[in-house]
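Visitor: sequence below, structure please.
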Amino acid sequence: MEFQGIELKGKFWPERLATMPAWTTKDVGRFIYAIDTQKFYIGRNSAFTQLTLGDAATFLLNNTNQSITGNFLPAANNTYNLGSGTYKWLEVTGTTFTGVVTTATYADLAEKYTTDIEYPIGTLLEVAYEEEFDLAATSGLSDCFVGVISEKPGFIMNQDSEGQLVGLVGRVPIRIIGPVNKRDIIVASENGCGRADNREELIYKVAVALETNPSPGEKLVDCIIK
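Guide: Have a look, this model is predicted:
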């Protein structure tokens with residue numbers, strides 16, 4: 001089947017083949033889709049040629065990867081989107097990202113630090129005395145408070161470093177012992193927990209409570225650290 005010299009308009013379908021065939025002279029102009037390679041091919045003078053987007057990217061189907069050998073550019077500036085509110089990319093990996101506005105679904109700014117043990121979400125951390133690791137759970141009022149084990153950071157620094165994600169700024173859940181009211185000052189207590197104590201000097205302030213919880217036991221309370 002040859003298409004040479006034929007002007008095709010409207011929709012047309014390629015041949016679907018289970019496996020990539022061996023090329024013969026009769027395949028000149030042939031347009032096929034080989035299921036085993038999941039690619040489109042066009043019969044050329046001496047072989048099948050894989051259909052490409054321009055000369056830069058290989059066009060693949062059924063959720064396979066695209067191999068791009070050049071720049072991937074939109075046809076117009078500030079016109080097209082990559083993904084949408086309904087269909088999103090799961091993970092985007094790169095080296096440098098440059099833009100005008102950045103948004104995040106989650107709340108806090110976090111950085112990775114090494115710890116003596118694996119701490120649960122909401123644990124308050126201070127600079128450790130030991131040299132082997134960076135941080136440890138607070139054991140009381142602390143002048144060396146750093147942050148809290150983050151649940152869902154909005155921005156991560158030192159992603160490839162070892163350690164746990166520690167929220168440094170923003171909205172985070174904190175392990176609180178005892179009743180707490182919204183606007184209470186939170187200070188560090190034992191075992192990496194916090195407690196409400198508006199009588200302490202502001203030097204020991206680690207966060208401010210964003211919600212009220214009268215429970216006397218340990219619980220996670222949304223707070224803001226800065």
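
Visitor: poorly predicted segments of the protein, please.
Guide: Residue ranges of the chain with pLDDT under 70: 1-12, 52-68, 200-201.

Visitor: longest strand in it, by residue count?
Guide: Looking across the chain with DSSP state E, the single longest strand is strand 164-177.

Visitor: how about it: buried residues?
Guide: Neighbour counts using 16 or more other CB atoms under 10 Å place 164-177 of strand 164-177 among the buried residues. Every C-beta, even on glycine, is put in place using the N, C-alpha and C of the backbone.

Visitor: what is that strand packed up against?
Guide: Applying 3 or more CB pairs under 8 Å, 6 or more residues apart in numbering; DSSP states H and E, one finds that strand 164-177 contacts strand 109-113, strand 124-127, strand 145-149, strand 194-196, strand 205-209, strand 218-225.

Visitor: so residue 26 lies in a helix, does it not?
Guide: Yes: checked against DSSP: H, G, I helix; E, B strand; the rest coil, residue 26 lies within a helix.

Visitor: so it versus residue 50, what's the distance?
Guide: Going from residue 26 to residue 50 by CB to CB, to the nearest Å gives 19 Å.

Visitor: so which of the two has more stuff around it?
Guide: Applying other CB atoms under 10 Å to residue 26 and residue 50 shows that residue 50 carries more neighbours, namely 13 against 10.

Visitor: show me what the more buried one is bridged to.
Guide: residue 41 (DSSP bridges).

Visitor: if we can go back for a sec, put the alpha carbons of the longest strand of the chain into PDB.
Guide: Written as PDB, here are the backbone C-alpha positions of strand 164-177 (Å, rounded to 0.1, in the frame of the first residue of the first chain):
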ATOM      1  CA  GLN A 164      14.400  13.900  58.500                       C
ATOM      2  CA  LEU A 165      12.400  16.800  57.200                       C
ATOM      3  CA  VAL A 166      12.300  19.600  59.800                       C
ATOM      4  CA  GLY A 167       9.700  22.400  59.400                       C
ATOM      5  CA  LEU A 168      11.400  25.700  60.000                       C
ATOM      6  CA  VAL A 169       8.700  28.300  59.100                       C
ATOM      7  CA  GLY A 170       5.000  28.100  58.500                       C
ATOM      8  CA  ARG A 171       2.000  26.000  59.700                       C
ATOM      9  CA  VAL A 172       2.800  22.700  61.300                       C
ATOM     10  CA  PRO A 173       1.200  20.200  63.700                       C
ATOM     11  CA  ILE A 174       3.100  20.000  67.000                       C
ATOM     12  CA  ARG A 175       2.900  17.400  69.700                       C
ATOM     13  CA  ILE A 176       1.300  19.200  72.600                       C
ATOM     14  CA  ILE A 177       0.900  18.000  76.200                       C
END
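
Visitor: what's the first helix or strand after that strand?
Guide: Proceeding N to C from strand 164-177, the next assigned helix or strand is strand 185-188, under DSSP states H and E.

Visitor: show me what that following strand is in contact with.
Guide: With CB atoms under 8 Å, 6 or more residues apart in numbering as the test, strand 185-188 has contacts from 124, 126, 138, 140-142, 145, 174, 176, 180, 194-198, 200, 202, 204-209, 223.
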